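Asks: give me coordinates for this.
(2 chains)
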Amino acid sequence: MTDEPFFRVDDVRLAFGGLQVLQGVDLEVPRGQIVGLIGPNGAGKTTLFDVISGFRPTARGHVWFKGMDILERKPYERAWLGLGRTFQTARLYQNVTVYDCVRTAFHTRMARNPLGTTIHGLLGSARSAAKEREISARTDAVIERLGLGDYARKNASDLSYGTLRLTELATILAMEPELILLDEPSSGIAQKETEALGPLLVELRRELDATILLIEHDMPLIMGISDTIFALASGSVLAKGTPREIQDNPDVVESYLGGSLELA
Amino acid sequence: MTYYLNLLIAGLALGAVYSLYGLGITVIYKATKVPNFAQAALGAVGAYVFFKTWSGQKPRLHEQHVTFKVPFGGWALRFVPPHLPMWGSFLLALVVVGVIGLLIERLVMRRIAGAPTLTLIIVTVALLAVILALASDIFSPEAEIVNDPFGNGSLHIGGLNAQSSSIGILAVAVVLAVALGLFFKYTTLGVAVRATADSREVSRLLGIDANLVASFSWAVGSMIACIGGILISPARGLNAFALATLIVPGFAASLLGGFTSLTGTVAGGLALGASVDLLRGVHWPKGLLSNVFAANGSESFIILAVVVIVLMARPKFIFKGLRLDEDSGVSFARTGSGLNAEDRVRRSLDRSGALSVLLADWTLGRWILGGLAGAVLLAVPILTTSYWSTVLCFGVIYALVALSIIVLTGWTGQLSLAPLTFLGVGGYATAILSTSAHLPFWLTIPLSGLLSIPFAVVLGVPALRLRGFFLALVTLCFAAAGSDWLFVQPTLAKHQHVSRGVLTAGLSQPTYYVSLLVAAGLFVAIRNLSRTHIARTFFALRDSESTAVSMGIDPVRYKLLAFAMAGAIGGVAGGLLAYLAPTIQPINYAFAASLAWVLNTVVASATVLAGAAVAGFLFSIVPQLTASPTGGVNQAPVILGGVAAILTVTDYPNGLASFLTRLVRRFDSSEAIAWTTDEAGENVAVTAAESTHDDDDFDRAVALVPVASGAERD
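Replies: Presented below is the predicted three-dimensional model:
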């Protein structure tokens, strides 16, 4: 177990009909790192996230997580193993409050079989009430931590996109995953917020003792916080290296970064 | 062999009618993505207009008059329609139904174009209910036997024997399908419809008038339904509610055509009709198989089986044009915060000082109101006759039906159109347990709830792979198969009575008190549950299944749990109903009644628990209070309920109870700001509310993040 890598993607392939979207992706994420994933649109970044989190059941290859091949696992089982993700366009529960969105994220702290919880819930038992108090206390802490107090009682559908993104991070904070997949956390939010996002993510990693795999188009952000960066193009890994190496890699510059090298 | 060939011919004719209903559905779905449940009602109207005016209908119909009544006014327009030759009646029917189709599109559907699937389903189901009720009131509520427009001749070739009507119906279906096919292929308008079906946005950019396409499709789709209704009436009898059941095979035929292919719809309808008649006609050995297939209602069972198999297996040749995944789950959108209707009402109440005692301290007000309601509920049976206990008891039982709909549809987003089927299961379970096993009511009622759970879970299995409209379709077929096939099985049908024991038949008071106690218990239990993580899991699955799953929620377990709970509540309600109603009849659980209760619950509120009580009161007790002054309009509650359902989903999707609870809620601080700003004047308040929505929120969010990141440096 000790020499097993924390997280490794091994020759992952996926086709939509005749179109090979992922053609043998290899990727490794050491525990505790922030690893960036960049690439032009259509490179397969989000699709790779979908494969890792289990939303693409037809994928082939191996996804190793803590010594297990999780490719055959159902998406919800991967969450119980310690994998959390966000979506490119923040998908939250529209008709419940921010507070309840976060409370729902404590699902993996509940009993796995819902029958007992349901019966206790129906009867309004002391055990049920105690569990609810515990979740509420943890939720208060998460809400406070991200400064969402003013929004706690608002519906997700009434939030601005920036607040929605923050709520999404709050649910991740609640889940306490060991590996966090973040799909373009800066998309749709203002520049000022994006600048604050970097330090927040670094802090998130420290507090949760987590590992982060991150898709991002905001170059200053991803170059600033990543330990390693993988550049994807047309469904395979084009280059791997430190942010500095990636910025100097002529292939990456050619396929993605273009001429703009005046980056942080 | 000739026996089976004759069966096949009859089956193909039946299938041709399925095809006609399916064709109309396909045409409308293709162009507008609206699953039109009202199709069967349009067919019924067409049949009425035709047979009421056709001079060939001899002897004349028992009820010759056409009567337009105005509810509550006592005013009525009553006349005998003209006698026309067949083509005249036919044209008149086509025009009337076509115009109704146009009106539906123009007045209702255009306002909600592109709305969520749930809204579209609820609206067309409501139209189905309203048009059926109106037709039954205007023409006649009785089923009548009508002559066949194709005459009663038959064609004999060897041993083969084809009724002239069979040949006629087949010819009409094939000619119509070919004509429609040519139309869609070669005319400009036809191509425009197909382009709109492919992509509404692109065709709009190309300058295609989407409204014209929609109007046209509704008119054509309705007229095809009219033809189907006329052709099937001689076989099924002229009755709005009998003709309504054709919506089930109609949807099945359209499904077999992938909701897009005309050829597929016709072929599917023909194959379905042939399978139904062949399977029914086979000389099954006495026993299970003969019970399954030879019974009258086996049509609905065969259709359920075909629909489930097709939707689960999803053969490629059917589904090439149809993406089942794009159909989202069901959600009752909340109206945003800010100043809503209830805020305005509340504000004017506050200003006028009305209800100020109640509203000033709602904790106290709640107890006062609850106490009053409780006292009335407890006192009515003592102070009045047994009749009023019966009325209240129906209200209590139907509140439980609404409760089951809230848990399954409002909370978990699984739209089931079969809520009453579980009442049937509970009813027959109670009958059998009380008569054969001699169990007392305090055992039979909970056991009925438990026994309904497996049925609910069976219905839940397709729900694991289906969403929105396709789940609704399966549950519709399930509801039809329940009342037309399962409950008429000889082993069940003989149990029409329960052994009542202490809950005597003549006096409904004891049954009422038992129902009240059981319902109160279930309400408290579900209310407890609504405050726990289990309820939040349901909401999560309703609002975004993918996010729920990524948080570790197992959709299979929790959806089945919701189905099981809804089934158990329905089973208990069915047990209570069995003790209350004089006999247990399959018709009590017919799908039309199920649809009505889904609509009623939506009006009352499918998300707020109080909605169940409101639904029970409003749709079960109030109609009894107002039964007399409707001036001969029998279906007024259904008509008003249907219209209310349409207005609810289009304008206030959370329903009446949500309105009431928001009216008396405690305000949070952000609302208080809008409130005080408003003291200065109406306009300021509106602007404040709007700005809270957009810019203000955004600026505060921007300000927040640096605060959060600043804190972490400590």
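
Asks: can you show me the helices along the stretch 301-450 of chain B?
Replies: All helices of the stretch 301-450 of chain B, identified by DSSP state H, counting those that start in this stretch, fall at B:316-319, B:341-352, B:356-360, B:362-383, B:386-405, B:419-435, B:441-463.

Asks: tabulate those helices (a markdown table), appending mean neighbour count and distance to residue B:55.
Replies: In short, each C-beta sits where N, CA and C put it, glycine included. Formatted as a markdown table, the helices of the stretch 301-450 of chain B follow (neighbours: other Cβ atoms under 10 Å in any protein chain shown; distance: least, Cβ to Cβ, whole Å):
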| stretch | mean neighbour count | distance to residue B:55 |
| --- | --- | --- |
| helix B:316-319 | 13 | 44 |
| helix B:341-352 | 14 | 53 |
| helix B:356-360 | 13 | 64 |
| helix B:362-383 | 12 | 55 |
| helix B:386-405 | 24 | 45 |
| helix B:419-435 | 28 | 41 |
| helix B:441-463 | 21 | 48 |
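
Asks: closest one to residue B:277 among these?
Replies: Minimum separation from residue B:277 across these (Cβ to Cβ) falls at helix B:316-319, 22.2 Å.

Asks: which non-adjacent residue is nearest residue B:464?
Replies: Excluding the flanking residues, the one nearest residue B:464 by Cβ to Cβ, 6 or more residues apart in numbering or on different chains is residue B:556, at 5.5 Å.

Asks: how many neighbours does the one you found have?
Replies: Residues near residue B:556, counting by other Cβ atoms under 10 Å in any protein chain shown, number 13.

Asks: I figured residue B:563 hits residue B:463, correct?
Replies: Yes - with contacts counted by Cβ atoms under 8 Å, residue B:563 reaches residue B:463, the gap being 6.8 Å.

Asks: got the domain boundaries for chain B?
Replies: Domain assignment for chain B by automatic domain parsing gives B:21-244, B:384-663, B:669-711.

Asks: now do chain A
Replies: Taken from automatic domain parsing, chain A resolves into A:1-82+A:177-264, A:93-176.

Asks: out of the ones you listed, indicate the one that is most buried.
Replies: Across the domains of chain A, the average number of neighbours (mean count of other Cβ atoms under 10 Å in any protein chain shown) peaks for domain A:93-176, which reaches a mean of 20.

Asks: how far does that one stretch from start to finish?
Replies: 19 Å (Cα to Cα, to the nearest Å).

Asks: what sits against residue B:645?
Replies: B:122, B:123, B:125, B:126, B:129, B:599, B:600, B:602, B:603 (Cβ atoms under 8 Å, 6 or more residues apart in numbering or on different chains).

Asks: spit out the contact partners of the fourth one.
Replies: Residues counted as contacts of residue B:126 (Cβ under 8 Å, 6+ apart) are B:599, B:642, B:643, B:645, B:646.

Asks: make it 7 Å
Replies: B:599, B:642, B:645, B:646 (Cβ atoms under 7 Å, 6 or more residues apart in numbering or on different chains).

Asks: which two of those have the greatest separation?
Replies: Longest span within these, Cβ to Cβ: B:599 and B:646, 9.0 Å.

Asks: which residues of the stretch 1-150 of chain A fall in helices?
Replies: Under DSSP H, counting those that start in this stretch, the stretch 1-150 of chain A gives helices at A:45-53, A:75-81, A:98-104, A:114-123, A:126-145.

Asks: CA atoms of the third one as CSV?
Replies: The reference is to helix A:98-104. The C-alpha trace of helix A:98-104 is given here as CSV (Å, rounded to 0.1, in the frame of the first residue of the first chain):
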residue,chain,number,x,y,z
VAL,A,98,-27.6,27.6,0.9
TYR,A,99,-27.7,26.3,4.5
ASP,A,100,-29.4,23.1,3.3
CYS,A,101,-27.1,22.7,0.3
VAL,A,102,-24.2,22.5,2.8
ARG,A,103,-26.1,20.3,5.2
THR,A,104,-26.8,17.8,2.4
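
Asks: for that helix, what is the average pLDDT?
Replies: Averaged across helix A:98-104, the pLDDT comes to 94.

Asks: and for it, what's in contact with it?
Replies: Residues contacting helix A:98-104 (Cβ under 7 Å, 6+ apart): A:92-93, A:135-136, A:139, A:142-143, A:148, A:151-154, A:156, A:167, A:170-171, A:174, B:536-537, B:540, B:551.

Asks: let's see that with 8 Å instead.
Replies: Against helix A:98-104 from outside (Cβ under 8 Å, 6+ apart): A:92-93, A:96, A:135-136, A:139, A:142-143, A:148, A:151-156, A:159, A:163, A:167, A:170-171, A:174, B:533, B:536-537, B:539-540, B:548, B:551, B:553.

Asks: is the most centrally placed residue in chain A bridged to anything, and to what?
Replies: For chain A, the residue nearest the mean C-alpha position is residue A:181 (2.2 Å; Cα atoms, centre = their mean). Residue A:181 has these beta-bridge partners by DSSP bridges: residue A:85, residue A:213.

Asks: where does the residue sitting nearest the centre point of chain B land in three-state SS?
Replies: The residue lying closest to the centre of chain B (Cα atoms, centre = their mean) is residue B:595, at 3.2 Å. Classification of residue B:595 using DSSP: H, G, I helix; E, B strand; the rest coil returns helix.

Asks: so what's the closest residue to it other than its chain neighbours up against?
Replies: Among residues not flanking residue B:595 along the chain, residue B:125 sits closest, at 5.3 Å (Cβ to Cβ, 6+ apart). For residue B:125, the contact set (Cβ under 8 Å, 6+ apart) comprises B:37, B:38, B:417, B:595, B:598, B:599, B:645.

Asks: got a pLDDT number for residue B:125?
Replies: 94.

Asks: work out for me the element it sits within.
Replies: Element membership of residue B:125, judged by DSSP states H and E, is helix B:117-138.

Asks: so how far is that helix off the chain centroid?
Replies: Chain-centre distance of helix B:117-138: 9 Å, with Cα atoms, centre = their mean, to the nearest Å.

Asks: give the next helix or strand downstream of that helix.
Replies: The element immediately downstream of helix B:117-138 (helix or strand, assigned by DSSP H and E) is strand B:154-157.

Asks: the closest residue to residue B:49 other than its chain neighbours and chain A, how far apart?
Replies: Nearest residue to residue B:49, sequence neighbours excluded (Cβ to Cβ, 6+ apart): residue B:93, at 4.2 Å. Per Cβ to the nearest Cβ, to the nearest Å, residue B:93 is found 44 Å from chain A.

Asks: residue B:530 too?
Replies: Counting by Cβ to the nearest Cβ, the gap from residue B:530 to chain A is 9 Å.

Asks: next up, the contacts around that residue.
Replies: B:411, B:609.

Asks: buried stuff in the helix or strand that residue B:512 is a member of?
Replies: Take DSSP H and E as the rule and residue B:512 turns out to sit in helix B:509-530. Within helix B:509-530, the residues that count as buried by 16 or more other Cβ atoms under 10 Å in any protein chain shown are B:509-516, B:518-519, B:522-523, B:525-526, B:528-530.

Asks: ok and that helix relative to helix A:114-123, angle-wise?
Replies: Here the directions of helix B:509-530 and helix A:114-123 differ by 120 degrees (axes from the mean of the first three to the mean of the last three Cα atoms, to 10 degrees).
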